[in-house]
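Colleague: Okay, sequence plus prediction incoming.
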Amino acid sequence: MESKVILSFIACILIILVFGKTFYLPIKRVLKLVANSVLGAFIIFVINLVGTSFEFHIGFNIFNAVVVGILGIPGAILLIILKIFCGI
């Protein structure tokens, strides 16, 4: 009877490990995207804070935060260029 309990315990641990390995990378990528989006929102906030003296404002929305979050500083520069030349 005790060997069945031990085998069940080992099987459960193996199943948890397999599912953990399967879902680790997608969750890691989603968390990285969320963290970068928050960083992007902070960069947009700083741009808007500095831009108030120049009457320059970038819209604060999820699209802009994700663009800056994925691309980083080049994404912020892209949004600035789009704002200047296209008036978006």
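Modeller: Great, that's in hand.
Colleague: which residues sit against stretch 58-69?
Modeller: Stretch 58-69 is contacted by residues 33, 35-41, 43-45, 47-48, 51, 75-76, 78-80, 83, 88 when judged by Cβ atoms under 8 Å, 6 or more residues apart in numbering. Backbone N, C-alpha and C define where each C-beta goes, glycine included.
Colleague: Burial check on Ala65, number of neighbours?
Modeller: Other residues lying near Ala65 total 21 when counted by other Cβ atoms under 10 Å.
Colleague: check which helix or strand covers it.
Modeller: Ala65 belongs to helix 62-71 when assigned by DSSP states H and E.
Colleague: what does Gly51 give?
Modeller: Using DSSP H and E, the element containing Gly51 is helix 2-51.
Colleague: Just the angle for that helix relative to helix 62-71, thanks.
Modeller: Counting by axes from the mean of the first three to the mean of the last three Cα atoms, to 10 degrees, helix 2-51 lies at 110 degrees to helix 62-71.
Colleague: Remind me what helix 2-51 packs against, helices and strands.
Modeller: The elements that helix 2-51 packs onto, with contact taken as 3 or more Cβ pairs under 8 Å, 6 or more residues apart in numbering; DSSP states H and E, are helix 62-71, helix 73-86.
Colleague: any idea of the angle it forms with helix 73-86?
Modeller: Using the same axes, to 10 degrees: helix 2-51 against helix 73-86 is 40 degrees.
Colleague: How far does helix 2-51 sit from its chain's centre?
Modeller: Put simply, helix 2-51 sits 11 Å off its chain's centre (Cα atoms, centre = their mean, to the nearest Å).
Colleague: so for that helix, what's the average pLDDT?
Modeller: Averaging pLDDT along helix 2-51 gives 82.
Colleague: coming back round to it: comparing the helices and strands packed on helix 2-51, which gets the lowest mean pLDDT score?
Modeller: Ranked by mean pLDDT, the helices and strands packed on helix 2-51 bottom out at helix 62-71, which scores a mean of 82.
Colleague: which non-adjacent residue is nearest the spatially most central residue of the chain?
Modeller: Central residue of the chain (Cα atoms, centre = their mean): Leu33, 1.6 Å from the mean position. Leaving aside its sequence neighbours, Leu33 sits nearest to Gly69 (Cβ to Cβ, 6 or more residues apart in numbering; 6.7 Å).
Colleague: Thank you, goodbye.
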